[in-house]
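1. Build me a structure from this.
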Amino acid sequence: MAVNMESLSEATSGAIGALLSTTILYPLDTCKTKYQAEASSRGRQKYRNLTDVLLEAISKGQVLSLYQGLGTKNLQSFIAQFVYFYGYSYFKRLYLRRSGTKSIGTKANLIVAAAAGACTAIVTQPLDTAASRMQTSAFGKSKGLWETLTEGTWSEAFDGLGISLLLTSNPAIQYTAFDQLKQRLLNRRQSGQTNADSSPEALSAFTAFVLGALSKSIATILTYPAIRCKVVIQAADENEGKTKGAQPRSSKTVSSTVRAIWKREGVLGFFKGLEAQILKTVLSSALLLMIKEKISATTWVVMLALRRYLLVSRDRLKHN
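-> Model (predicted):
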C-alpha cells in the first residue's frame, strides 16, 4: 500500500507540474512547433527564426491563436506525466524491492525510465498527434479535438508512434540524470527514514530548476534529429483548407521524412529549431520539476490523509 501511495503522490505532483508549465509556456511551444514543422528548400523558408512566427501572429491579429490546441495539449501533458511518473516510480520501487538493493544503478534506471516512457507514448499518442496538428494549422484555422482526431483514419491518429517510442530515450536520459544528481545531493542530508509516514525530502526550488534544465539540455541535444522528424510527421498539411476534399492527407513515414529533410535542407536540417527546442523544453522541464518538488510534500500529506480516512471508514463499516 505504501508503495502505491508514494507512486500515486509522485504521479499527481508530476501531472500538476506538467499542467502548469505547459500552460505558462504554450505560446512559445506553438511558435517552436510551427518553426520546426516548416519543410523549407535551400534558401527558401517562411520563418527564418522563432520570432518570425510571433510577428506573423501579431501582424494578422491572431495573437490568441498562439493558444490553439491548448486544451488538448494540457490534457495530453497531464495524462502523459501522470502515467510516466506513476510508471517510473512504481517500476523503480518494484526493482528495488526485488533486487534487495537500496539504490538503483544508471543502467537499471534507464531501462525503468524507458519502460515508463513507452507506456506513456502508447497511451497518449493520439492526443499528441492532435495537439501538433492544431499548433501547426494556419493561425485561426485550427479544428477541435474530435474533428482533428476523426478527419483521417484511426491509424493516422498514431502518426509518429514509432519515433515516439524511440524518443522514450529522451525522458529516460533526462530523468535518470535528474534522479542521479538529486540523489547525490540528498544522500548527504539523509540519515535514513525510520517513519514510514514521513514525507520524502524535496529539493529547493532553485536546485530543482537548475538540475531540471541541465538534465533536459543533455537529453534534447542527443535526441533532437528524431524530435524534428516527429514534428514534421505530425504537422498539419501545408495546403489544408486550400484544396479541401481534393486529396486525403498524405502518409508520412520516418524514412520518407528523413529523405525529405536531407534533400531539402541537408544535414543541418535535422537540427533546425534546436535553439528553440532547448529554450522551450528546458524551461518547461525545469518548471515542471521545480513545481513537482515544491508540491510533492503537500501531495504526500494529502494522499496520506486520504489513506487514513479510507482505512478509518473501512474499520467503521466492519464494526457496524
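2. what's the nearest residue to residue 124 if we skip its chain neighbours?
-> residue 80 (4.5 Å; Cβ to Cβ, 6 or more residues apart in numbering). Glycine gets a C-beta too; all of them are placed from N, C-alpha and C.
3. that's a strand at that neighbour, yeah?
-> No - according to DSSP: H, G, I helix; E, B strand; the rest coil, residue 80 belongs to no strand; its state is helix.
4. How many residues are close by it?
-> Residues contacting residue 80 under the criterion other Cβ atoms under 10 Å number 24.
5. go on, residue 69?
-> 27.
6. residue contacts, it?
-> 30, 130, 131, 133, 134, 135, 142 (Cβ atoms under 8 Å, 6 or more residues apart in numbering).
7. Where does the first one sit, in terms of helix or strand?
-> Counting by DSSP states H and E, the element that carries residue 30 is helix 26-37.
8. what are the C-alpha coordinates of that helix, in CSV please?
-> Extracted in CSV, the C-alpha atoms of helix 26-37 (Å, rounded to 0.1, in the frame of the first residue of the first chain):
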residue,chain,number,x,y,z
TYR,A,26,2.3,27.4,-24.5
PRO,A,27,2.7,30.4,-26.9
LEU,A,28,6.4,29.6,-27.0
ASP,A,29,5.6,26.0,-27.7
THR,A,30,3.3,26.9,-30.6
CYS,A,31,6.0,29.2,-32.2
LYS,A,32,8.6,26.4,-31.8
THR,A,33,6.4,23.7,-33.3
LYS,A,34,5.4,25.8,-36.3
TYR,A,35,9.0,26.8,-36.9
GLN,A,36,10.2,23.2,-36.7
ALA,A,37,7.4,21.9,-38.9
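9. and whichever helix or strand residue 301 is part of, what does it pack onto?
-> Counting by DSSP H and E, the element that carries residue 301 is helix 274-319. Applying 3 or more Cβ pairs under 8 Å, 6 or more residues apart in numbering; DSSP states H and E, one finds that helix 274-319 contacts helix 2-24, helix 26-37, helix 50-59, helix 205-234.
10. that older thread, next, the angle from the helix holding residue 30 to helix 2-24.
-> Inter-element angle recorded for helix 26-37 and helix 2-24: 80 degrees (by axes from the mean of the first three to the mean of the last three Cα atoms, to 10 degrees).
11. ok, of the contacts of residue 69, which one's closest to residue 23?
-> residue 30 (12.3 Å; Cβ to Cβ).
12. count of residues packed around the closest one?
-> Residue 30 sits with 27 neighbouring residues when counted by other Cβ under 10 Å.
13. One more: residue 109?
-> Using other Cβ under 10 Å, residue 109 is surrounded by 22 other residues.
14. what does the one 5 residues further on give?
-> Residue 114 has 20 neighbours, counted by other Cβ under 10 Å.
15. same check, this time on residue 161
-> Neighbours around residue 161, by other Cβ under 10 Å: 18.
16. show me the contacts for the closest residue to it other than its chain neighbours.
-> Nearest residue to residue 161 in three dimensions, chain neighbours excluded: residue 125, at 4.9 Å (Cβ to Cβ, 6+ apart). Neighbour list for residue 125: 157, 158, 160, 161, 164 [criterion: Cβ under 8 Å, 6+ apart].
17. Buried ones in the helix or strand where the last one lies, by neighbour count?
-> Element membership of residue 164, judged by DSSP H and E, is helix 161-166. Using 16 or more other Cβ atoms under 10 Å as the test for burial, helix 161-166 gives 161, 163, 164, 166.
18. Could you give me the buried positions within the helix or strand containing residue 109?
-> Element membership for residue 109, per DSSP H and E: helix 106-136. Residues 108-114, 116-117, 119-121, 123-136 are the ones in helix 106-136 that count as buried (16+ other Cβ under 10 Å).
19. With stretch 267-280 instead?
-> Of all the residues in stretch 267-280, those buried under the rule 16+ other Cβ under 10 Å are 269, 270, 272, 273, 274, 276, 277, 278, 279, 280.
20. Would you mind writing the CA trace of that stretch as PDB?
-> Taking C-alpha atoms only, stretch 267-280 is exported to PDB below (Å, rounded to 0.1, in the frame of the first residue of the first chain):
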ATOM      1  CA  VAL A 267      22.300  17.600 -42.700                       C
ATOM      2  CA  LEU A 268      21.800  20.900 -40.800                       C
ATOM      3  CA  GLY A 269      18.100  20.500 -41.400                       C
ATOM      4  CA  PHE A 270      17.900  17.800 -38.800                       C
ATOM      5  CA  PHE A 271      18.900  20.400 -36.200                       C
ATOM      6  CA  LYS A 272      16.600  23.200 -37.400                       C
ATOM      7  CA  GLY A 273      15.000  24.800 -34.400                       C
ATOM      8  CA  LEU A 274      17.400  23.200 -31.900                       C
ATOM      9  CA  GLU A 275      17.800  26.500 -30.000                       C
ATOM     10  CA  ALA A 276      14.000  26.900 -29.800                       C
ATOM     11  CA  GLN A 277      13.600  23.400 -28.700                       C
ATOM     12  CA  ILE A 278      16.200  23.700 -25.900                       C
ATOM     13  CA  LEU A 279      14.700  27.100 -24.800                       C
ATOM     14  CA  LYS A 280      11.200  25.700 -24.600                       C
END
